[in-house]
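[1] everything below, folded, please.
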Amino acid sequence: MTGPTGTALRLTVFVGETDLWHHRPVYTEIVHRAHKAGLAGASVFRGVEGFGASSMIHTQRLLSLSEDLPVAVVIVDTEERIRAFLPQLDEVAGEGLVTLDRCEVVRHGGREAPR
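    This next block holds a predicted model:
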């Protein structure tokens, strides 16, 4: 095992694939801000089907292709670092759903920096 283990906070931001922030996808802006803030990492997951506040179902099924599938940005770090990052989401996430969950990191596999 490498890297820190123990209790952490998981931040998940649910947005639409086509949601934009200054002509850039919202999920991309969140990942870049998380990187700049020095958070441990961020991953973007594209949903195959879902609905949100609009109650409109978006799906990738062949007969009803959607260009606005659900996207989840997931970031795990210490509670202190995640909570310090939350104000940055206020302006970017817009109509997105932001959730926090306590989690336990049991393995954190870091990579060696390239030489």
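
[2] could I get the full set of strands for the chain?
    All strands of the chain, identified by DSSP state E, fall at 6-16, 20-21, 24-25, 42-46, 49-50, 58-59, 70-77, 97-105.

[3] the ones you listed: which one's closest to His35?
    Ranking these by proximity to His35 (Cβ to Cβ) places strand 42-46 first, at 7.0 Å. Heads up, the C-betas are built off the backbone N, CA and C, glycines and all.

[4] next, the angle strand 70-77 makes with the closest one.
    Between strand 42-46 and strand 70-77, the angle comes out at 160 degrees (axes from the mean of the first three to the mean of the last three Cα atoms, to 10 degrees).

[5] sheet-wise, list the partners of strand 42-46 with their directions.
    strand 70-77 (antiparallel) (DSSP bridges).

[6] which residues are contacting the strand it pairs with?
    8-17, 27, 30-31, 34, 39-47, 49-52, 58, 82, 85, 103, 105 (Cβ atoms under 8 Å, 6 or more residues apart in numbering).

[7] tell me the buried residues within those.
    Burial by neighbour count, 16 or more other Cβ atoms under 10 Å: within the contacts of strand 70-77 this picks out 8-9, 11-17, 27, 30-31, 34, 39-40, 42, 44, 47, 50, 52, 58, 82, 85, 105.

[8] and Thr99, what does it touch?
    Here Thr99 is in contact with 11-12, 14 (Cβ under 8 Å, 6+ apart).
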